[in-house]
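Participant: Here is a sequence with its predicted model. Questions after.
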Amino acid sequence: MELLPAVDIRQGGAVRLTQGDFDQQVDYGDPVALVRRYVQAGARWVHVVDLDAARAGSAANRPLVLAVVQAAGVPVQVGGGIRRAADAAALLDGGAARVVLGTAAVADPELVADLARRHPGRIVVGVDHRDGGAEVAVSGWERSSGVTLEALLAQLEPVPLAAVVVTAIERDGMLGGPDIEGLRRTLGATRHPVIASGGVRSAQDLTALRDLTVGGRRLAGAIVGKALVEGVLTVEEALQACTASG
């Protein structure tokens, strides 16, 4: 299982929100410095989200996002506000290994399918949900899509995606543990590689995710944000938990 330290960017800085609430923000300084810190500690991937773009579609942070990508020296997965082919192309051409589309997967599924065919292995869909999957959120988690997690996964089945990132919004930034049962259902509901996001606090949480198996399939990765940036969990500890044989 791959570890993906998360770096969220808002108004030019690295931040963390709680449950996606833009009024509950903590600042962590320079995103480039934060990414370099994670990579120096051994991270082999980084997950970057442009929160301003996710919320309003603005590309104001894109030069900074691309600077982070270039500084990382490891593959970077980038999400936030990618709603047009040009958005995806700018990031992929700028060095991003993969891009994550969320709102577009609901609003423009043909765009996602087309991008997945044109960029094999580089298109990921972010599925951010509330209430156990009853509601998929879009536009920086501020609007409901009217679509359930199960329905969206079913719609995505024929699309040649690199992965789906599944986030239980209620757990994001709470350090209360991941949604193991929800992820178990997700693994059983899709053929795509699944990357878990939200709630990880400890190495034990990552071990539980690593050992989760459904029909012989395991999680492809885990995104960890607040626990790493606040030093509750080190990158070294997280990597060991993700890669140790269970």
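Facilitator: Cool, got the structure. Residues are numbered from 1 along each chain as shown.
Participant: For Gly100, list the residues it contacts.
Facilitator: Small correction: residue 100 is Val, not Gly. Applying CB atoms under 8 Å, 6 or more residues apart in numbering, we find Val100 in contact with Val49, Gln77, Val78, Gly79, Gly80, Ile82, Val124, Val125, Gly126, Val165. For glycine as for every other residue, the C-beta is placed from the backbone atoms N, C-alpha and C.
Participant: So the last one sits against Val124, correct?
Facilitator: The one in question is Val165. Yes. Counting by CB atoms under 8 Å, Val165 touches Val124, with 5.9 Å between them.
Participant: List the residues that are in contact with both of those two.
Facilitator: Common neighbours of Val165 and Val124 (criterion: CB under 8 Å, 6+ apart): Gly79, Val100, Ile195.
Participant: residue boundaries of the strands in the protein?
Facilitator: Under the criterion DSSP state E, the chain carries strands at the ranges 2-10, 13-18, 21-27, 46-50, 76-79, 98-101, 123-130, 135-138, 143-144, 163-168, 194-197, 213-214, 217-218, 221-224.
Participant: still on that earlier bit, for the contacts of Val100, pick the one with the most neighbours.
Facilitator: Within the contacts of Val100, most neighbours by other CB atoms under 10 Å means Ile82, with 32 neighbours.
Participant: For that one, give me its contacts.
Facilitator: Counted by CB under 8 Å, 6+ apart, Ile82 has contacts Ala53, Ala88, Leu91, Val99, Val100, Leu101, Ala104.
Participant: Repeat that for Ser58.
Facilitator: Ser58 neighbours (CB under 8 Å, 6+ apart): Asp52, Gly81.
Participant: Let's see that with 10 Å instead.
Facilitator: Listed by CB atoms under 10 Å, 6 or more residues apart in numbering, the contact set of Ser58 reads Asp50, Asp52, Gly80, Gly81.
Participant: give me phi/psi at it?
Facilitator: phi -70, psi 140 (degrees, to the nearest 10).
Participant: circling back to that earlier point, next, format the contacts of Val100 as JSON lines and append pLDDT and distance to Ala43.
Facilitator: Formatted as JSON lines, the contacts of Val100 follow (pLDDT from 0 to 100; distance: CB to CB, whole Å):
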{"residue": "Val49", "pLDDT": "95", "distance to Ala43": "16"}
{"residue": "Gln77", "pLDDT": "98", "distance to Ala43": "12"}
{"residue": "Val78", "pLDDT": "98", "distance to Ala43": "15"}
{"residue": "Gly79", "pLDDT": "96", "distance to Ala43": "17"}
{"residue": "Gly80", "pLDDT": "94", "distance to Ala43": "19"}
{"residue": "Ile82", "pLDDT": "95", "distance to Ala43": "22"}
{"residue": "Val124", "pLDDT": "98", "distance to Ala43": "18"}
{"residue": "Val125", "pLDDT": "97", "distance to Ala43": "23"}
{"residue": "Gly126", "pLDDT": "94", "distance to Ala43": "20"}
{"residue": "Val165", "pLDDT": "97", "distance to Ala43": "17"}
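Participant: Which of those sits closest to Lys226?
Facilitator: Closest approach to Lys226 among the contacts of Val100 (CB to CB): Val49, at 13.1 Å.
Participant: Could you check how far that closest one is from Ile82?
Facilitator: According to CB to CB, to the nearest Å, Val49 and Ile82 sit 11 Å apart.
Participant: what residues are shared contacts of those two?
Facilitator: Counting by CB under 10 Å, 6+ apart, the residues touching both Val49 and Ile82 are Val100, Gly102, Gly126.
Participant: how many other residues sit next to the closest residue to Ala220 other than its chain neighbours?
Facilitator: Nearest non-adjacent residue to Ala220, counting by CB to CB, 6 or more residues apart in numbering: Pro193, 3.7 Å away. Residues near Pro193, counting by other CB under 10 Å, number 18.
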